[in-house]
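Engineer: model this:
(2 chains)
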Amino acid sequence: DAKTTQPPSMDCAEGRAANLPCNHSTISGNEYVYWYRQIHSQGPQYIIHGLKNNETNEMASLIITEDRKSSTLILPHATLRDTAVYYCIVRVAVVGGYQKVTFGTGTKLQVIP
Amino acid sequence: GAVVSQHPSRVICKSGTSVKIECRSLDFQATTMFWYRQFPKQSLMLMATSNEGSKATYEQGVEKDKFLINHASLTLSTLTVTSAHPEDSSFYICSASDPSAPWSYTFGSGTRLTVV
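Structural biologist: Coordinates of the predicted model:
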């Protein structure tokens, strides 16, 4: 799996958009970008994933650059409950879910009142 | 959505004893589950891949005789920490993938193990 680089921490004002960057310059053509988050003392939670097109769901938006070497996770209106560690993961998609997921160090997002 | 239940959420045990942690997929069948360990202020570290009906695959550096994994059914995997020591104190998390949504691994809520 391609390696990812994320800033160790970020702050965001409540109600503002949180933009979390991720660099994955060695990504391969068949690798997807996945985002998970982990709220303190809980298991990680899937947020969103994409290949090359921008994606949006009820939780967030994912913007992937045209060269696919970096991406940004956007939480449009951050709340205090969005305070968590956010992990950007790059891997191939596998039908059947047999491929293991390896976590990097992630970005600790602190939403400030 | 898919739910993975992990039990117990917290356990305290004496040094030298064994502790079993259960991981269940509640509304889907999981032929493969994953076990992670997380120390304070660190990321999740994959320990092993649990395969239903066969032996688990352990990551490099993880002692298979110390961390026994059993995946006897399509909805249950167990991790037993044998002869636990204080350095085994950690947050243990399991995960599984719903075959109908293979991109979104679902994680259990974790088990906080404290060995005294």
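Engineer: need the strands for the chain, in chain order.
Structural biologist: Since no chain was named, I'll use chain A. Remark: strands assigned in chain A by DSSP state E are A:9-13, A:18-23, A:31-38, A:45-50, A:55-56, A:61-64, A:70-75, A:84-92, A:107-112.
Engineer: ah, I was thinking of chain B
Structural biologist: According to DSSP E, the strands that chain B contains are B:4-7, B:10-13, B:19-25, B:32-38, B:45-51, B:57-58, B:67-73, B:76-81, B:90-97, B:105-107, B:111-115.
Engineer: low-confidence regions, chain A specifically.
Structural biologist: Applying pLDDT under 70 to chain A flags the ranges A:1-2, A:93-98.
Engineer: next, format the strands of chain A as JSON lines and append distance to B:Gly16 and mean neighbour count.
Structural biologist: Backbone N, C-alpha and C define where each C-beta goes, glycine included. Formatted as JSON lines, those follow (distance: least, Cβ to Cβ, whole Å; neighbours: other Cβ atoms under 10 Å in any protein chain shown):
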{"stretch": "strand A:9-13", "distance to B:Gly16": "39", "mean neighbour count": "14"}
{"stretch": "strand A:18-23", "distance to B:Gly16": "43", "mean neighbour count": "19"}
{"stretch": "strand A:31-38", "distance to B:Gly16": "31", "mean neighbour count": "22"}
{"stretch": "strand A:45-50", "distance to B:Gly16": "35", "mean neighbour count": "19"}
{"stretch": "strand A:55-56", "distance to B:Gly16": "50", "mean neighbour count": "15"}
{"stretch": "strand A:61-64", "distance to B:Gly16": "48", "mean neighbour count": "19"}
{"stretch": "strand A:70-75", "distance to B:Gly16": "44", "mean neighbour count": "20"}
{"stretch": "strand A:84-92", "distance to B:Gly16": "33", "mean neighbour count": "22"}
{"stretch": "strand A:107-112", "distance to B:Gly16": "36", "mean neighbour count": "18"}
